[in-house]
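1. One predicted model, sequence on top.
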Amino acid sequence: MSEAEELLTAPAEWDLPPERHRHFKDVLMQQIDQDQDQNQDQSQDLLVRTPVRPSARRRFARPAVLVPLASAALAGALLVTLSVDGRGPAAGPTPSATAAGASVTLNRIATAAMASDAIRVRDDQFVYVRTLERSNTGDFSGPVRLGALHTEERWTAQDPGPLHVTGWIRASGKDAIMPDRMLPIESPDAIRAGLHHPTYRWLASLPTEPDALLRRLRKEARPVEGESRDQAVFSLIGDLISGTVMPPANAAAFYRAAARLPGVREIPDAVDAAGRHGIAITLDDTGFATRDEWIFDKETLALLGSRYYVTDPDRGITKETLYGTSAVMETAVVDAKGEVPARAASR
């Protein structure tokens, strides 16, 4: 294993909440590559540990990397830019629906989720999710440059733990990070099933009453500077619905809880990374520089994917700009890491 690969698979500790890290993963990884040559002679204590976020901005534990100090400084600078001095993000597409309309749509999505078939998941299995991704390949000081569409596969262990390695990730295609390599999703401390290791059994234990679930999520969310707690909750829900398998009643509860968040609105037409059109749900946070959209099929109301936007005047991004997009292509339960489900059996 090369030094760069060792850095990519080392434990993570840097305190950037995993639920906000997906936006910045690809940029961080590029900066790591650029800094490798400059930092090969530095000792291990000159490295700052950080988790990587992904793809689907899913906000629990991600593959762990070690970031040289130069990269960590840039990451810190990026976090500072997330609060836009009280200015909200530039307006996105003008919604045809009011906040009440978004609430109605989310409750329709909840009803569809409740009607879906339950999937049995054992503690010795893995949840497999395959997504298409496009992410920013620019640097921290310049404009957004979306990279090529690539594939990410993730295997999340259902073992309740405690575990140091909670899953595995593999990317392939142009602009993928460490293409075709199985990378562990690690934690510096062994963790049990919970918010940062959301197993099927743990998700099934959460409240299915929307208000009770929302209180739980608001308590556990970790907003970054400039971000409201409700925005952090919205991103957290987005991570969980796109990166896991859960009982229908729990999925419905997440959507109904989201419907209760102030500022949710509907966008009548949005396109995921696979080019599929759908209805989007977003939440506007007037003090934060990023905005997420969840995209659903207009007929079946199944989740299609996500889009992520950024506004950063310090980088010359004065209008809301697409920062990344994803599409959920396949979700299934498998018996081992690295196993790819038969297409006919996938959901």
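-> Great, that's in hand.
2. export stretch 251-258 as PDB, just CAs?
-> Below are the C-alpha coordinates for stretch 251-258, written out as PDB (Å, rounded to 0.1, in the frame of the first residue of the first chain):
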ATOM      1  CA  ALA A 251     -39.300   6.000   6.500                       C
ATOM      2  CA  ALA A 252     -42.800   7.600   6.600                       C
ATOM      3  CA  ALA A 253     -41.900   9.200  10.000                       C
ATOM      4  CA  PHE A 254     -38.800  10.900   8.500                       C
ATOM      5  CA  TYR A 255     -40.800  12.400   5.700                       C
ATOM      6  CA  ARG A 256     -43.600  13.600   8.100                       C
ATOM      7  CA  ALA A 257     -41.000  15.000  10.400                       C
ATOM      8  CA  ALA A 258     -39.400  16.900   7.500                       C
END
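3. Now do it, average pLDDT.
-> For stretch 251-258, the mean per-residue pLDDT is 98.
4. Give me the neighbour count for Gly101.
-> Using other C-beta atoms under 10 Å, Gly101 has 15 neighbouring residues. For the C-beta atoms, the positions are set from N, CA and C on the backbone; glycine is no exception.
5. And it, what's its pLDDT?
-> For Gly101, the predicted pLDDT is 86.
6. Helix or strand: which one has it?
-> Assigned by DSSP states H and E, Gly101 falls within helix 99-114.
7. what residues does that helix touch?
-> The contact list for helix 99-114, computed with C-beta atoms under 8 Å, 6 or more residues apart in numbering, reads 95, 97, 248-249, 251-253, 255-256, 258-260, 262-266, 279, 281, 296, 300-302.
8. so of those residues, which ones are in helices?
-> Pro248, Ala249, Ala251, Ala252, Ala253, Tyr255, Arg256, Ala258, Ala259 (DSSP state H).
9. Give me the below-cutoff pLDDT ranges for the stretch 151-300 of the chain.
-> Along the stretch 151-300 of the chain, segments meeting pLDDT under 70 span 286.
10. those strands in the chain, which residues are they?
-> For the chain, the strands defined by DSSP state E cover 47-51, 64-68, 126-135, 150-157, 163-172, 183-191, 264-271, 277-283, 290-296, 303-312, 317-334.
11. Let's have those strands in a markdown table, adding distance to Arg229 and mean neighbour count.
-> Below are the strands of the chain laid out as a markdown table (distance: least, C-beta to C-beta, whole Å; neighbours: other C-beta atoms under 10 Å):
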| stretch | distance to Arg229 | mean neighbour count |
| --- | --- | --- |
| strand 47-51 | 21 | 21 |
| strand 64-68 | 26 | 24 |
| strand 126-135 | 26 | 24 |
| strand 150-157 | 26 | 22 |
| strand 163-172 | 25 | 20 |
| strand 183-191 | 23 | 18 |
| strand 264-271 | 14 | 19 |
| strand 277-283 | 12 | 23 |
| strand 290-296 | 15 | 25 |
| strand 303-312 | 19 | 24 |
| strand 317-334 | 22 | 20 |
